[in-house]
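Chemist: please find the sequence and the predicted model below.
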Amino acid sequence: MEENMFKATEILDNTEGGVMLHMNRLGYIMIAVAESVIIYGRNKSDNKLTAELWIYDCRRKKWRLFILPDLLTYTCKNSSICAHGSKIYIFGVPAISDSQDIAATLFSFDVRSFMLVDLFKELINTGNEPPKMKQSDIMYDRASIYILGTNMDDVGVMYKFHLEKCQLSMITHAGYLPHPDDRGHCTLYKNKIYYFRQISLDVDQFSQVRVFDLSTRIWELRQQETDTTKYPYDRLDPALIFNDNYGYLAGGFLFSPSYEERAEYLWLTRLIYPPQQEMKYGE
């Protein structure tokens, strides 16, 4: 077995008895692969970080717990995730309050073989080492991982890591729009990155999308049309997931000066062919 490959350790028994079930947590990320849901990272109530990876089998209705190597402990709070085939990819950076000597990590986890691969291991001491970033979003496309985030100076940056060649390169931007300097909801579709701001109460939060063409390296603002003249701009912390040309937004909190309440609608958007539609749950 290669030095950068190792098998995740599965915890088979619940020391407290009963059914294996994950605890409440903060700072985690999750994704679905085939019939499994994966949750990575954990920040317990005592603010202790634990490098855990939980897999929920939707067909068997069963949780499985895997303990990950120590090198992933300090990057499990501020991470981003994507998937392709049977593998998930997790890019982790240390929390802002942690030592800046902690390097970023990128590893893959195969949900079938439970094998972990430290993808950045060969970059150490090569002069082409992983970037130090405050936050990130990652996307998979054609044997490469695209990393979009902010560096330690709060400047938007983008990197490409080629999985087969193990090469990391910076992607600069052309045009007047720079890379985004805050976290967003991102997806890569047909050689273009689509970016919606994550934390914003602006009217154009979801009525506009920033689009980056990987061939020209130019960002542009694109207007999203709607039949209802409404956009989900008045909410905090919604979930937005993508499947090919479609994005689905749900949850979050509606905002007003006097109250917050849970959002009642599921929103559907098309990346290439608008308009955006509003649907009630259950329709």
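Modeler: Cool, the structure landed.

Chemist: just to be sure, residue 72 is in a strand?
Modeler: No. Remark: residue 72 does not belong to a strand; assigned using DSSP: H, G, I helix; E, B strand; the rest coil, it is helix.

Chemist: so the nearest residue to it once chain neighbours are set aside versus residue 112, what's the distance?
Modeler: Nearest non-adjacent residue to residue 72, counting by Cβ to Cβ, 6 or more residues apart in numbering: residue 51, 4.3 Å away. Bear in mind the C-beta positions are built from the backbone N, C-alpha and C, glycine included. In this view, residue 51 and residue 112 are 21 Å apart by Cβ to Cβ, to the nearest Å.

Chemist: next one: residue 105
Modeler: 22 Å.

Chemist: residue 51 and residue 112: which is more packed in?
Modeler: residue 51 (20 against 11; other Cβ atoms under 10 Å).

Chemist: so the more buried one is in contact with residue 79, correct?
Modeler: No. Using Cβ atoms under 8 Å, residue 51 is not in contact with residue 79; the gap is 10.4 Å.

Chemist: identify the contacts common to these two.
Modeler: residue 41 (Cβ atoms under 8 Å, 6 or more residues apart in numbering).

Chemist: so where's the stretch 1-150 of the chain uncertain?
Modeler: Flagging of the stretch 1-150 of the chain using pLDDT under 70 yields the residue ranges 1-3, 12-27, 42-50, 71, 73-77, 94-103, 124-125.

Chemist: which residues in it form strands?
Modeler: 5-7, 9-11, 29-33, 36-40, 52-57, 62-67, 78-84, 87-93, 105-110, 115-118, 133-141, 144-151 (DSSP state E, counting those that start in this stretch).

Chemist: tell me which of the ones you listed sits most buried.
Modeler: strand 87-93 (a mean of 25; mean count of other Cβ atoms under 10 Å).

Chemist: residue contacts, residue 162?
Modeler: Residue 162 neighbours (Cβ under 8 Å, 6+ apart): 143, 144, 168, 169.

Chemist: quick one, which of those are buried?
Modeler: 144, 168 (16 or more other Cβ atoms under 10 Å).

Chemist: distance to residue 189 added to the contacts of residue 162, as TSV?
Modeler: TSV is the format used below for the contacts of residue 162 (distance: Cβ to Cβ, whole Å):
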residue	distance to residue 189
143	17
144	15
168	23
169	21
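
Chemist: list just the nearest of the contacts of residue 162 to residue 136.
Modeler: Nearest to residue 136 among those: residue 168, at 13.4 Å, using Cβ to Cβ.

Chemist: count residues in the vicinity of the nearest residue in space to residue 122 that is not next to it in sequence, would you?
Modeler: Nearest non-adjacent residue to residue 122, counting by Cβ to Cβ, 6+ apart: residue 166, 5.2 Å away. Using other Cβ under 10 Å, residue 166 has 15 neighbouring residues.
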